[in-house]
Every structure is written in structure tokens, then in C-alpha cells.
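# using only what follows, build the 3D model:
(one chain, ligands or ions: 1)
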Amino acid sequence: MEVVIQDDAGELGRLGAKAVIDTLANTPDAVLGLATGSSPVSIYDAVAAAVAAGSVSLARSSAFTLDEYVGLPPGHPQSYRSVILRDFVDKVDLDPGRLHTPDGAAADIPAACAAYEGQIADAGGIDLQILGIGADGHVAFNEPGSSLASRTRIKTLTQQTRVDNARFFDGDVDAVPSHCVTQGVGTIMQARHLLLIASGRHKAQAVHQLVEGPITAMWPASVLQLHPHVTVLVDRAAASRLQLTDYYRDAFANKPDWQGF
Ligand SMILES: N[C@@H]1[C@@H](O)[C@H](O)[C@@H](COP(=O)(O)O)O[C@@H]1O
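Presented below is the predicted three-dimensional model:
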């Protein structure tokens, strides 16, 4: 696991975009895993700027998102499909026909979840998975207590997550759906490179548990310690509870040029 601490939160987006751009340079038809939420927006903006400048193209790539609310009508502005179109896909040259999102409106949710797993497998798996992290250590919508081997399925959101996400629903926690469909922790762990971005003091405890805590389903992101290729991009506030900050900073400052992400 590589931990990259930056004083300037804006720099996190540039570094995250570099990982996306390097992946596409090596593999133009790369399968990207996209996260919703505010954390990855700086990455998406920097990738969109690179696409506009002609230095990278997503024309041959495809993408899968992590999760979706259950119970929102299709096209609802806060459905994660709408959000990822608005925040990223509409700003780059990715074919929207190659954007795959879990179906939270399916009549048969378990069948739709199994089909989603099948689509990821048929695409050859995810090359680069962008992740945020919840304040309670969730990844995608895998709340504390989620099986660390879980696959795409329906989950109940915690009250904390609904309160956190009420800001996207005019502050009305009752408007936040109570259920979601989400890639499982086991699904996420099969992506070839995991790139997690977090900023702000409210993420500090979750980042500490992710990087330095014991592996436990109570902090689902901690299982990333078992993945062979993880990059964690954090600002100083999100890194404020880490124990080995000097080591992480030194390792990044003295990183050989060839190492990349
Ligand atoms: N399901 C999403 C996650 O994928 C996201 O990582 C997390 C953090 O969101 P934010 O980046 O806005 O803090 O919240 C949501 O619940």
C-alpha cells in the first residue's frame, strides 16, 4: 500500500489523474472503476482537462460504477448514474454506452446484481478502481459489518451515511434512500489497482483504520491491506491520525521515477 500525503488538496486530484492517464497510456481500452461522491471530483476534473488538451482519450475505454441507491426513479438527479454522468462522463470522450451502473430500480434486484458481476467479468475485470471512503470506513456502500468477501448485492445504509449524504438531498435525511445496491468488498478487491482518495479531518479516523488498523469488517476499507496494489491519496487533515506520516512522506519524496503508481 502506498500512502501519498499532500499539503495541497488540489494536488491530490492531479496525482489521481496521473494514475488514470498512465493506465490509459499503457492500456487504451482500460476498464475504469468510477466512484461517486465529492472526493474523486478533483481527479475527474483533472482528467477532463487532459482530455480537452488532447493528451489522453477514453474513447476506447469502458467504465463501471460502484453503487446505486434503491428506490430513486431513473434519471433522478441524485441517482449515482446521473451524478457520474454529470461529474465525469459528460466531460470526457467516454462512450456513455460503455458506462455500466448497477440497477437500483430493477424488479429483481438479486438477478440484476448477479448480472452486474457478470458484466464486470465479461469486460475482463477492472484495471483501475477509484475509491472514496466513508467516515465510518465504508467503501462503495459496504457499511461496517459487511462481509469482506461480499459481492454485488442490496445493502441497508447506516443512519450515519444517510445523514452524511443528506447534503445532496437539500439536507433532508428522510429523502435519502434507506437501501442501495453496491459492489461487494470482494468485488472491489478483484480490481487490479485500487486508488483511494480522501480529504478532510472527518476522514482521519477512517484513513487511520484503513492504513494502520487491524483488518476488520467493522472498518471495511481495512481489507485493502490485503490487496497487492493500492494507492491512498490523502491531504494533511485526512492524514492527521496516521502514525507513520514521516515514513510515508519520505517514501514518496524519494520514490524512483520508474515506479509510477
Ligand atoms: N457510496 C459513496 C462512497 O462511494 C463514497 O466514497 C463515500 C464518501 O463520499 P464523499 O467522497 O462525498 O465524502 O460516500 C458515499 O456513501
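# next, count neighbours for the residue in the stretch 101-250 of the chain that the ligand sits nearest to.
Closest residue of the stretch 101-250 of the chain to the ligand, C-beta to the nearest ligand atom: Gly132 (2.5 Å). Backbone N, C-alpha and C define where each C-beta goes, glycine included. Gly132 has 21 neighbouring residues, counting by other C-beta atoms under 10 Å.
# what does Ala149 give?
12.
# quick check: Arg241 is in a helix.
No: going by DSSP: H, G, I helix; E, B strand; the rest coil, the assignment for Arg241 is coil, not a helix.
# list, one by one, the residues from the protein near the ligand.
Selection of the chain residues close to the ligand by C-beta under 6 Å from any ligand atom yields 35-39, 66-67, 132-134, 140-141, 161, 165.
# any idea how far the host helix or strand of Ala112 is from the chain center?
Using DSSP states H and E, Ala112 sits within helix 109-122. Taking C-alpha atoms, centre = their mean, to the nearest Å, one finds the center of helix 109-122 at 19 Å from the center of the full chain.
# what packs against the helix or strand following it?
Later in the chain than helix 109-122, the nearest helix or strand by DSSP H and E is strand 128-131. With contacts defined as 3 or more C-beta pairs under 8 Å, 6 or more residues apart in numbering; DSSP states H and E, strand 128-131 has these neighbours: helix 9-26, strand 31-34, strand 193-198.
# now render these as CSV, adding mean neighbour count.
Output for those, formatted as CSV (neighbours: other C-beta atoms under 10 Å):
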stretch, mean neighbour count
helix 9-26, 18
strand 31-34, 24
strand 193-198, 25
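# hang on, the earlier thing: check which helices and strands the helix holding Ala112 sits against.
Counting by 3+ C-beta pairs under 8 Å, 6+ apart, helix 109-122 packs on strand 62-65, strand 99-100, strand 153-156, strand 179-182.
# got those as JSON lines, with mean pLDDT and mean neighbour count columns?
Compiled in JSON lines, the helices and strands packed on helix 109-122 are given as follows (pLDDT from 0 to 100; neighbours: other C-beta atoms under 10 Å):
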{"stretch": "strand 62-65", "mean pLDDT": "98", "mean neighbour count": "24"}
{"stretch": "strand 99-100", "mean pLDDT": "98", "mean neighbour count": "18"}
{"stretch": "strand 153-156", "mean pLDDT": "98", "mean neighbour count": "18"}
{"stretch": "strand 179-182", "mean pLDDT": "98", "mean neighbour count": "25"}
